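Undergrad: have a look at this prediction, sequence included:
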Amino acid sequence: MKFRSIKGTYDVLPDVSNKWKSIESYIHKNLNRAGYNEIRTPIFENTELFKRSVGLDSDVVSKEMYSWIDQGGTDLTLKPEYTASVVRSYIQNNLGANLPVSKLYYIGDLFRRERPQKGRYRQFRQFGIEAIGSKYPEQDSEVISIAYNLITGLGINDITLKLNSIGSSETRKNYKQALLKFLKPKYDQLSETSRNRFDSNPLRILDTKNKSEIELLKKAPKITEYLSKEDDLHFTEVKTYLNDLSIPFTLDTNLVRGLDYYTRTTFEIASNTLGAQDAICGGGRYDKLVGSLGGKPSPAVGFAAGLERLLLAMGDKNELANKEIKKIYLIGLGDKARSTMMKILNNIRSSGYYVEFDSLRRSLKAQLRESNKLGASITIIIGEQEMEEHCAQIKDLTSGNQESVPFDSIISYIEDLK
Ligand code: HAM
């Protein structure tokens, strides 16, 4: 039998693993600078946690979870999302005790048994943030601006930030009735998926991708018409802050999100180039979740973004690799140069640079070809003449300049090329 990876999973092969590492270090660096600290939670949790938070009628819980009963009879689930798990940990570890607002972030693997396609996998990776403790609209706007800035900072600019407010549970109860009233006479025109949602979770009908349904829904009542005065004021302030921050957004009253815990603000950032699975990031406010999972009621807001989709949207741009990693290729020619080359290789490496060398003793031409293939931006050549002069030839492949540099000044010379 030939073994293959499980449907919907993939291997990160060496040619792309560096891209993953650089995007993850970019996330760690920027979120730390924004005052968010990393939290890591176990890869599996009690199934009940997700049922209670994400909701029984959500697609995630009703169709997509990898759950099993272990040998001790406990019902367990591979995490399909982070928010519930982070909130569980926040409550269990009493994280709110010392800090009025807990600002947490995560990067890790999640599991959903969805139909695999480009940008949609059964094991995928998310990064996200959760700010637990503030009810004020500036917290919503900070979270949204962090998502927006991190994504555009990767060179992904062809995006749409969709924004909505779904108010309180009271708002949604009233709105649900109005929506059902509007849809009832049109029931026969609905797709099978929407008919199923009609009974279980009618707000999710607004999520349809079916063109005739989208047309039909244009005349439907809007959830924002059902917001209370306080919800409306909160939403207005979120929008004002975003305008102040020059973050462009599009109001989308159909953006209800597929997870049950949201209250008030919801948002998504979609790529205009990705096709069907275009949502790069989704999030919103969830003021009731901490209380409903047994913690001291605490308002909260957060988002998560799919790393595979970020990488897809970045395409070949790989701005980070260019920005962060200067690749150096070290060429040593002839027996005499070899031990000096090894010393220089070690020194450059210890100074934190990416450097490779040829261990096949190939010709200058072959090594230059290799350096080109690796996408090196600097080549350092040490041959017989260089050994006599105690200098290396350093070529900056970006500018085309080449200079003779004394061995003991190589590191500072490279530093200046940055
Ligand atoms: P979500 O919208 O379910 O939200 O997922 C967030 C992002 O994860 C999506 O926009 C997408 O980029 C990525 N994603 C989801 N499913 C898949 C998949 N099967 N394959 C690849 N990427 C996927 C949440 O998970 C919420 N916990 C977000 C949140 C945090 N809300 C408040 N705080």
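TA: All right, it came through fine. Remember, it's a predicted structure, so these values are computed and weren't measured experimentally. Numbers count the residues shown, from 1 in each chain.
Undergrad: roughly how far does Asp260 sit from Tyr286?
TA: Taking Cβ to Cβ, to the nearest Å as the measure, Asp260 falls 9 Å from Tyr286. (C-beta placed from N, C-alpha, C; glycine too.)
Undergrad: now do the SS call for the one residue in the stretch 101-250 of the chain that gets nearest to the ligand.
TA: Per Cβ to the nearest ligand atom, Phe124 is where the stretch 101-250 of the chain lies closest to the ligand, at 3.5 Å. Applying DSSP: H, G, I helix; E, B strand; the rest coil to Phe124 yields a three-state assignment of strand.
Undergrad: right, and it touches Glu308 too?
TA: Yes. Contact criterion Cβ atoms under 8 Å: Phe124 and Glu308 qualify, at 5.6 Å.
Undergrad: what residues are up against the spatially most central residue of the chain?
TA: By Cα atoms, centre = their mean, the chain has its centre lying nearest to Ala305, at 3.2 Å. Going by Cβ atoms under 8 Å, 6 or more residues apart in numbering, Ala305 touches 126-128, 147, 150-151, 269, 280-282.
Undergrad: and Ser351, by the same measure?
TA: Ser351 neighbours (Cβ under 8 Å, 6+ apart): 411, 414.
Undergrad: how near is it to the ligand?
TA: 37 Å (Cβ to the nearest ligand atom, to the nearest Å).
Undergrad: now that residue: how far from Met341?
TA: To Met341, Ser351 is 16 Å away according to Cβ to Cβ.
Undergrad: how far does stretch 289-297 sit from its chain's centre?
TA: How far stretch 289-297 lies from its chain's middle: 26 Å, per Cα atoms, centre = their mean, to the nearest Å.
Undergrad: with stretch 381-390 instead?
TA: Chain-centre distance of stretch 381-390: 48 Å, with Cα atoms, centre = their mean.
Undergrad: is it true that Ile156 touches Met314?
TA: Yes. Using Cβ under 8 Å, Ile156 is in contact with Met314, at 6.0 Å.
Undergrad: of those two, which one has the most company?
TA: Taking neighbours as other Cβ atoms under 10 Å, Ile156 and Met314 compare with Ile156 leading, 24 against 18.
Undergrad: list the buried residues for the strand or helix carrying Ser145?
TA: Secondary structure from DSSP states H and E places Ser145 in helix 137-153. Neighbour counts using 16 or more other Cβ atoms under 10 Å place 137, 139-148, 150-151 of helix 137-153 among the buried residues.
Undergrad: ok, so of the residues you listed, who is nearest Leu333?
TA: Of all these, Leu150 has the smallest distance to Leu333: 44.5 Å, by Cβ to Cβ.
Undergrad: need the contact list for that closest one.
TA: Leu150 sits in contact with 26-27, 30-31, 305, where contact means Cβ under 8 Å, 6+ apart.
Undergrad: among those, which ones are in helices?
TA: Per DSSP state H, helices hold the following members of the contacts of Leu150: 26-27, 30-31.
Undergrad: could these be laid out in CSV, adding pLDDT, neighbour count and distance to Arg112?
TA: Putting the ones in helices among the contacts of Leu150 into CSV (pLDDT from 0 to 100; neighbours: other Cβ atoms under 10 Å; distance: Cβ to Cβ, whole Å) gives the following:
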residue, pLDDT, neighbour count, distance to Arg112
Tyr26, 94, 18, 25
Ile27, 96, 23, 21
Asn30, 93, 15, 26
Leu31, 95, 22, 24
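Undergrad: and those, which two are furthest apart?
TA: Distance extremes for these: the farthest pair is Tyr26 and Leu31 at 9.5 Å, using Cβ to Cβ.
Undergrad: residues from this protein in reach of the ligand?
TA: The chain comes close to the ligand at residues 81-83, 112, 114, 120-121, 124, 126, 128, 130, 259, 279-284, 286, 302-306, 308-309, as judged by Cβ under 6 Å from any ligand atom.
Undergrad: filter these down to the buried ones, PyMOL style.
TA: Of those, the buried ones can be selected in PyMOL as follows, counting by 16+ other Cβ under 10 Å:
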select buried, resi 81+82+83+112+114+120+121+124+126+128+130+259+279+280+281+282+283+284+286+302+303+304+305+306+308+309
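Undergrad: identify the residue nearest Leu227 in space, chain neighbours excluded?
TA: Leaving aside its sequence neighbours, Leu227 sits nearest to Gly167 (Cβ to Cβ, 6 or more residues apart in numbering; 4.5 Å).
Undergrad: same question for Leu99.
TA: Residue nearest to Leu99 in three dimensions, not counting chain neighbours: Gly133, with 7.2 Å by Cβ to Cβ, 6+ apart.
Undergrad: my read: the one you found touches Pro100, true?
TA: Yes. Assessed by Cβ under 8 Å, Gly133 is found in contact with Pro100 at 5.3 Å.
Undergrad: who's more crowded, those two?
TA: Set Gly133 next to Pro100 and count neighbours by other Cβ under 10 Å: Gly133 wins out with 18 against 9.
Undergrad: identify the residues contacting the closest residue to Lys326 other than its chain neighbours.
TA: Excluding the flanking residues, the one nearest Lys326 by Cβ to Cβ, 6+ apart is Ser377, at 5.2 Å. Each residue near Ser377 by Cβ under 8 Å, 6+ apart is listed here: 326-328, 396-398.
Undergrad: so which of those are in strands?
TA: 327-328, 396 (DSSP state E).
Undergrad: quick one: contacts for Arg349?
TA: Residues counted as contacts of Arg349 (Cβ under 8 Å, 6+ apart) are Val355.
Undergrad: tell me if I'm right that Asp57 and Pro202 touch.
TA: No. Taking contacts as Cβ under 8 Å, Asp57 lies outside contact range of Pro202: 10.0 Å.
Undergrad: for Ile378, grab phi and psi.
TA: Dihedral pair for Ile378: phi -140, psi 130, per degrees, to the nearest 10.
Undergrad: mind checking pLDDT for the nearest residue to it once chain neighbours are set aside?
TA: Distances taken as Cβ to Cβ, 6+ apart put Ile328 closest to Ile378, at 4.6 Å, once the chain neighbours are dropped. Confidence at Ile328, expressed as pLDDT, is 93.
Undergrad: now swap in Tyr175 and tell me
TA: For Tyr175, the predicted pLDDT is 94.
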